[in-house]
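*Asks:* with the sequence up front, the predicted model follows.
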There are 4 protein chains.
Amino acid sequence: MTVDLAAVEARVRASFERQELMTTLGARLVRVSRGEVEIEAPFDARLTQQHGYIHAGVITALVDSACGYSALSVAPPDAEVLTIEYKVNFLAPAQGERFLARGRVVRAGKRITVCSGDVVAITGGEEKSVAVMLATITTT
Amino acid sequence: MTVDLAAVEARVRASFERQELMTTLGARLVRVSRGEVEIEAPFDARLTQQHGYIHAGVITALVDSACGYSALSVAPPDAEVLTIEYKVNFLAPAQGERFLARGRVVRAGKRITVCSGDVVAITGGEEKSVAVMLATITTT
Amino acid sequence: MTVDLAAVEARVRASFERQELMTTLGARLVRVSRGEVEIEAPFDARLTQQHGYIHAGVITALVDSACGYSALSVAPPDAEVLTIEYKVNFLAPAQGERFLARGRVVRAGKRITVCSGDVVAITGGEEKSVAVMLATITTT
Amino acid sequence: MTVDLAAVEARVRASFERQELMTTLGARLVRVSRGEVEIEAPFDARLTQQHGYIHAGVITALVDSACGYSALSVAPPDAEVLTIEYKVNFLAPAQGERFLARGRVVRAGKRITVCSGDVVAITGGEEKSVAVMLATITTT
């Protein structure tokens, strides 16, 4: 099978642009490849929890979208993806200049796709892991 | 032990007000009791995913804060709480006029508190379950 | 719709009896109702971890089966159920004379059913919560 | 710091031998390195679910022990580890001649260590992924 990577990226990008939350978070799609997607967002004080770190829910939103789009990147052209469930471990406070969320397909099925994801906080040239995700996505 | 409920609520409310994300989401603290906290937010198009429903990450943020504050409501007066991890199942699209997130303590420990949470979408007088959470909170 | 509870129980019981692990664990089906199933097993030193408590994996097996059968109890007569994923919080060491695992349906879907479960350790007349589960089951 | 790998392995092995469930499952410790542990068990009909595959709870027990021991392998010499919670996605039926569970440390903390694990089914020279785990372990 020939995979049209440009078509895959166009499809992911079109859906990403309809996610208004991504605009609200200042997020952008950094990289789309087959089975792997990266989304980045800058620090923003409007998105913080009580200690001034980025709220866990925002970190989760970024990596959920990265995982969902990694699933979409391997799905049939007319498919839709929907998150059934996820679980996230937080490894360190979400403190940094920007946050890079990466999602990748662990196992793609006809109806159920399992993805793993992680988020790193970037400050200058330094990266620090802040979260890891395991997600179950349904393809319809 | 006499529990000063007013002091508990004041502590939770002060922390909630420092969570700038809650303001960004239009969320407000609806109810604080010992071991149970409710947070509500209205539908807002800026918070949607590609199908126009509220993004899973936003639903997660609301119920994570509700769970965290339920843990704080049973913690010693000078304690801080931090989410170690959570898992969320999504039961239906987050579609509605407003969203009520409820967190409650399942087991409070000296260092580790386990909470469960759920979110209902409310439209008129109708409630519909949209998510359930299980969360692990550390008290420091 | 008339639900034939005797038929539901017979179906669950027939499947339970094919789970050889349940025999190995000394487990028995205590109660089957529509959307709720209970399984019990006695303490057994062959099933312990390094401190002499029942191993987390055994507790998980009991409550996974209870959740799976609660899903089966609401599924069409010819359906099969399969666990896609679960998450478990352990609340206390699994110490006791016997262990009662309860599974119940949170939301039944055509393809995806979400269940919650818990396990209590019983010693004399005392019950102690040892674990809570959230599980995603697929119906085929 | 010099790490005495032989001492680490001896410590893990001594604890493993006290886990009577591992004997019941026919499991053996295959490899211990700093931050990574492997446990293997053969297929055994006494451990199956209703379709004749190994029960999810058994797969979970193997990978939980592998994760717990990977955490122990990086903990101070006199520390004990305890699983707080885990989540597991099942990728394929647990069908094979033997099952290799691998646990590795994602982030080691003073009190909380996060591990990831996976299980492969092996038949002849073929490996097939059957499960992935994310676990939170406490060190006391």
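*Replies:* It's in.
*Asks:* what sits against residue A:39?
*Replies:* A:16, A:22, A:27-30, A:62-63, A:65-66, A:69, A:100-101, A:103 (Cβ atoms under 8 Å, 6 or more residues apart in numbering or on different chains). Using the backbone N, CA and C atoms, a C-beta is placed for each residue, glycine as well.
*Asks:* does any part of the longest helix along chain A sit near chain D?
*Replies:* Using DSSP state H, we find that the single longest helix of chain A is helix A:56-72. No: in terms of Cβ under 8 Å from any Cβ of the partner chain, no part of helix A:56-72 sits within range of chain D; the closest distance is 12.1 Å.
*Asks:* stretch A:94-109 too?
*Replies:* Yes: with Cβ under 8 Å from any Cβ as the criterion, chain D is reached by stretch A:94-109 at A:106, A:107.
*Asks:* ok, residue A:33 - contacts?
*Replies:* A:5, A:73.
*Asks:* re the thing from before, now for the longest helix of chain A, which elements pack on it?
*Replies:* On a contact count with 3 or more Cβ pairs under 8 Å, 6 or more residues apart in numbering or on different chains; DSSP states H and E, helix A:56-72 meets helix A:5-18, strand A:36-42, strand A:81-90, strand A:98-108, strand A:112-123, strand A:126-139, helix B:56-72.
*Asks:* and residue A:74, what is it in contact with?
*Replies:* Per Cβ under 8 Å, 6+ apart, neighbours of residue A:74: A:34, A:35, A:105, A:108, A:113.
*Asks:* also within reach of chain B: list those from these.
*Replies:* Applying Cβ under 8 Å from any Cβ to the contacts of residue A:74, none is adjacent to chain B.
*Asks:* next, the angle helix A:5-18 makes with the longest helix of chain A.
*Replies:* 150 degrees (axes from the mean of the first three to the mean of the last three Cα atoms, to 10 degrees).
*Asks:* picking that back up, quick one: which of the contacts of residue A:74 is most hemmed in?
*Replies:* Neighbour tally across those (other Cβ atoms under 10 Å in any protein chain shown): the maximum, 26 neighbours, falls on residue A:113.
*Asks:* hang on, isn't residue A:46 packed against residue B:20?
*Replies:* Yes: using Cβ atoms under 8 Å, residue A:46 is in contact with residue B:20, at 5.4 Å.
*Asks:* about what we covered before: got JSON lines for the helices and strands packed on helix A:56-72, with mean pLDDT and distance to residue D:54 too?
*Replies:* Formatted as JSON lines, the helices and strands packed on helix A:56-72 follow (pLDDT from 0 to 100; distance: least, Cβ to Cβ, whole Å):
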{"stretch": "helix A:5-18", "mean pLDDT": "95", "distance to residue D:54": "36"}
{"stretch": "strand A:36-42", "mean pLDDT": "98", "distance to residue D:54": "31"}
{"stretch": "strand A:81-90", "mean pLDDT": "97", "distance to residue D:54": "23"}
{"stretch": "strand A:98-108", "mean pLDDT": "98", "distance to residue D:54": "18"}
{"stretch": "strand A:112-123", "mean pLDDT": "98", "distance to residue D:54": "19"}
{"stretch": "strand A:126-139", "mean pLDDT": "97", "distance to residue D:54": "21"}
{"stretch": "helix B:56-72", "mean pLDDT": "98", "distance to residue D:54": "32"}
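*Asks:* how close does the residue sitting nearest the centre point of chain A get to residue D:117?
*Replies:* Nearest residue to the geometric centre of chain A (Cα atoms, centre = their mean): residue A:66, 1.8 Å. According to Cβ to Cβ, to the nearest Å, residue A:66 stands 22 Å off from residue D:117.
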